[in-house]
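Q: Sequence plus predicted model, see below.
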Amino acid sequence: MKVVERDLRAIRDAGRKVLVGYFMGGVTPDWTDHVEAAILAGVDAVEIGIPFSDPMMDGIVIQQAALRALDRGTTVDSVCADLERLRHTVPLLAMTYYNVFHHYGLERSAGLLATSGLSGTIVPDLPLEEATPWRTACDEHGLATVFLVAPSTTPERVRRLAEATEGFAYATARMAVTGRSSGTGDGERVVASIRLVSSVPTYIGIGITTGEQAQAAATVSDGVIVGSALVQVILDGGGPRGIEDLVRTFRTAIDRGTESVA
Amino acid sequence: MTDPATFMTAPDGEGRFGNFGGRFVPEALMPACVELEEAFRSAWSDPTFVDEYHRVLREFAGRPTPITPLERLSDKLGVQLFAKREDLAHTGSHKINNVIGQTLLTRRMGKHRVIAETGAGQHGVATATAAARLGLTCTVYMGEVDTVRQALNVFRMELLGATVVPVTSGSKTLKDAVNEAMREWVTCVDDTHYCIGSVMGPHPFPWMVREFQSIIGHEAAHQMDELGVGTPAAVVACVGGGSNAAGIFAGFANTRARLIGVEAAGGAAVVGGSPGVLHGMRSLLIQDEFGQIKEAHSISAGLDYPGIGPEHAHLAEIGRAEYFPIGDEDVLDALALLSETEGIIPALESAHAVAWIAREAGHLLPTGSTVLLNLSGRGDKDVAQVRAMMTEQS
Ligand SMILES: Cc1ncc(COP(=O)(O)O)c(C=O)c1O
């Protein structure tokens, strides 16, 4: 079992719901301060976005963040170098589109991510059927590869994805790109379909933008993933303080959910 | 002796043509791609479907399109030049062949709506046309830049009952229209088919679109025989994503004809690109050293695409087809040349192929050799832009 898997299972065993935050690498010069603020305010894991010119799975908020980051000259190298500035840490997962790693070299990418302190990757345009070369490179460097399960995923595919995913299963609540619509949608059903076949921790993402939604999602899963809502704060100039406040809201909401259930 | 077909056969089980192709899509779209592949396999081996496809192309789209010997231009260039007249197909380009196939398939799958991306607007107009014929709802994504360059085509689509959505993300051209169509498809995949406009995207699109376009090549091979010319020495087509080229190449892939694709110099994925993954496929792409996709730049909106269909990447890799760039500066001259000598105003896209032939006659195309040009579309949509550019030049 890879390190991140063990860590995330331990959080669940301790009865705590996981809060994952997404941040776009390089979006501002002080982007790692936002990550740090989120960690101090209670996220359990962070997705580090590496910007790509053509983010097919992302709505307007993350598209804008990617463009900003690219305009600042952000690259895989610069994101990884910036991560050295983090003084506190939780499991970090790189999230980007496959071409970024494909072009940089699979082996080289996995090596760089691992030495920069990342413990896993999420590549939304790399389905299981195409993932073998990347998974091999990640295995080599102890990186977990996380797979998404969608509302449209057939039971037979759910089984294979739940078996393949490492660390957690990413249950997408909606048939939509990030940040487009909000609500827990089909999240509960997707989580149930994964739990039917696997004990892997399962988090709900895509469309979670408010504390209430996070609370609702957390009561039916092992955790929630929040992306566009956080990125929006940064785009609006809310700074690390803005991130801290919003993360606290999410943290309180999902912890409250746990208490009322327990 | 008949040679077994070895080139341009079906892709492998993973949708690969050699090292290219595949299916790089979000999990949410995987079931739809699998469903589409099954639906296409079943339809394409069902004589009822195939007959209807041919009947609609005949009765509605004006097929077969003729082959025109280009006599005056042949004299001028010293080669024997023939044009396959896709400009005479309904809606003015080869794009109709693909959309007739895909809309019939949409109906067969029980879906009621199509979405499409478009660059020049030709595929958007064709999709809107085919959708109107079957009573399907149609939404077309078009880069904002292109809605300005091709304003008349926007109006045409609207006349045909389609909704045109200007895309303001990224470079606001064709590649961004594809991104936006994909994003939209995720939200409505249950009742909506994504009618992709070229031999690109995730499996089965590159293969399916080639099959629907291969009627160009099969007709042309037969017509060249009837003309008593037989297999030409070279078959030349312009390449954006590569659908008209794939269509005509398919009729000659297993002959001795040279297959030549002409790319816009500002979007030359074979000459200037490298392997990458975009829009669901592994192919050749124009990208920077960090794998960020570069914007293509071309005088013609239809060739403004930073990639190429995966089967072309494969044909280039194994050397079965050759690809050459043509710069904007040669395109206007070629358009004027064909107009004046043959009475045919070609689309700016097709004019790239004309320009390459004009340049290479007597060089890569030996004097006296027979050349088949795929005249993929007519120039009506471009005349306002061409006039503006010619005025600027003079
Ligand atoms: C007339 C014409 N030719 C060629 C193309 C390029 O597409 P493809 O390479 O798929 O044939 C277009 C695209 O809009 C077109 O309108």
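A: That came through, no problem.

Q: what's the burial count for the closest residue to B:His94 other than its chain neighbours?
A: Residue nearest to B:His94 in three dimensions, not counting chain neighbours: B:Glu86, with 4.0 Å by C-beta to C-beta, 6 or more residues apart in numbering or on different chains. Backbone N, C-alpha and C define where each C-beta goes, glycine included. By other C-beta atoms under 10 Å in any protein chain shown, 28 other residues sit near B:Glu86.

Q: ok, B:Glu86 - contacts?
A: Applying C-beta atoms under 8 Å, 6 or more residues apart in numbering or on different chains to B:Glu86 gives the contacts B:Thr65, B:Ser93, B:His94, B:Ile216, B:Asn244, B:Asn374, B:Leu375, B:Ser376, B:Gly377.

Q: So for it, what's the pLDDT?
A: pLDDT recorded at B:Glu86 is 98.

Q: how far away is it from B:His112?
A: Going from B:Glu86 to B:His112 by C-beta to C-beta, to the nearest Å gives 29 Å.

Q: now B:Gln223
A: Relative to B:His112, and taking C-beta to C-beta, B:Gln223 is found at 37 Å.

Q: cool, and A:Gly187?
A: Distance from A:Gly187 to B:His112, by C-beta to C-beta: 27 Å.

Q: Does the residue in the stretch 101-250 of chain A that chain B sits nearest to belong to a helix, a strand or coil?
A: Nearest to chain B, among the residues of the stretch 101-250 of chain A, is A:His103, at 2.9 Å (C-beta to the nearest C-beta). Following DSSP: H, G, I helix; E, B strand; the rest coil, we place A:His103 in the helix state.

Q: What does the pLDDT read for it?
A: So, for A:His103, pLDDT stands at 98.

Q: any residue of stretch B:349-360 up close to the ligand?
A: Yes: judged by C-beta under 6 Å from any ligand atom, stretch B:349-360 comes into contact with the ligand at B:Glu349, B:Ser350.

Q: quick one, helices of the stretch 151-262 of chain A?
A: Shown for the stretch 151-262 of chain A, the helices assigned by DSSP state H, counting those that start in this stretch span residues A:155-164, A:187-195, A:211-219, A:228-235, A:239-261.

Q: Just tell me which of those ends up closest to the ligand.
A: Smallest distance to the ligand across these (C-beta to the nearest ligand atom): 31.5 Å, for helix A:155-164.

Q: can you list contacts of the closest one?
A: A:128, A:131, A:135, A:145, A:147-149, A:153, A:169, A:193-194, A:196-198, A:200, B:27, B:30-31.

Q: what about the strand or helix carrying B:Leu104, average pLDDT?
A: In this assignment (DSSP states H and E), B:Leu104 forms part of helix B:95-108. Computed over helix B:95-108, the mean pLDDT rounds to 98.

Q: Quick one: distance of it to the chain centre.
A: The chain centroid and the centroid of helix B:95-108 are separated by 15 Å under C-alpha atoms, centre = their mean, to the nearest Å.

Q: What residues of the strand or helix carrying A:Leu8 count as buried?
A: A:Leu8 belongs to helix A:3-13 when assigned by DSSP H and E. Using 16 or more other C-beta atoms under 10 Å in any protein chain shown as the test for burial, helix A:3-13 gives A:Val4, A:Glu5, A:Asp7, A:Leu8, A:Arg9, A:Ile11, A:Arg12.

Q: now stretch B:258-267
A: B:Arg258, B:Leu259, B:Ile260, B:Gly261, B:Val262, B:Glu263, B:Ala264, B:Ala265, B:Gly266, B:Gly267.

Q: Just flag the most distant two among those residues.
A: B:Arg258 and B:Gly266 (24.5 Å; C-beta to C-beta).

Q: Point to the residue nearest the middle of the chain.
A: Picking chain A for this. A:Glu47 (4.1 Å; C-alpha atoms, centre = their mean).

Q: sorry, should have said chain B
A: B:Ser243 (3.0 Å).

Q: ok, so what distance separates A:Phe147 from A:Thr121?
A: 11 Å.

Q: cool, A:Ala144 as well?
A: 7 Å.

Q: for B:Glu311, same thing?
A: From B:Glu311 to A:Thr121 the distance is 30 Å (C-beta to C-beta).

Q: more neighbours, these two?
A: B:Glu311 (30 against 27).

Q: what's the nearest residue to the more buried one if we skip its chain neighbours?
A: In space, B:Glu311 is closest to B:Phe17, 4.5 Å off (C-beta to C-beta, 6+ apart).

Q: Where does the prediction get shaky in the chain?
A: Answering for chain A, as no chain was given. A:181, A:259-262 (pLDDT under 70).

Q: should've been chain B
A: B:1-4.

Q: got the residues of it near the ligand?
A: B:93, B:119-120, B:122-123, B:198, B:238-245, B:302-303, B:347, B:349-350, B:376-377.

Q: Quick check: PyMOL command selecting the buried ones in the residues you listed.
A: Here is the PyMOL command that selects the buried residues among those (16+ other C-beta under 10 Å):
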select buried, chain B and resi 93+119+120+122+123+198+238+239+240+241+242+243+244+245+302+303+347+349+350+376+377
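
Q: So which of the residues of chain B next to the ligand belong to helices?
A: Counting by DSSP state H, the residues of chain B next to the ligand place B:Gln122, B:His123, B:Ser243, B:Asn244, B:Ala245, B:Glu349, B:Ser350 in helices.

Q: What is the nearest of those to B:Gly101?
A: Of those, the one sitting nearest to B:Gly101 (C-beta to C-beta) turns out to be B:Ser243, at 11.4 Å.

Q: who's in contact with the nearest residue to B:Ala120 once chain neighbours are set aside?
A: Of all residues beyond its chain neighbours, the one nearest B:Ala120 is B:Gly302 (3.7 Å), with distances taken as C-beta to C-beta, 6+ apart. Contact analysis of B:Gly302 by C-beta under 8 Å, 6+ apart lists B:Gly119, B:Ala120, B:Gln122, B:Leu174, B:Gly240, B:Ala347, B:Leu348, B:Glu349, B:Gly377.

Q: Closest one to chain A out of those, please.
A: Among the contacts of B:Gly302, B:Leu174 lies closest to chain A (C-beta to the nearest C-beta), at 11.7 Å.

Q: who's in contact with that closest one?
A: Taking C-beta under 8 Å, 6+ apart as the test, what B:Leu174 contacts is B:Glu117, B:Thr118, B:Gly119, B:Gly143, B:Asp146, B:Gly240, B:Ala296, B:Ala301, B:Gly302, B:Asp304, B:Tyr305.
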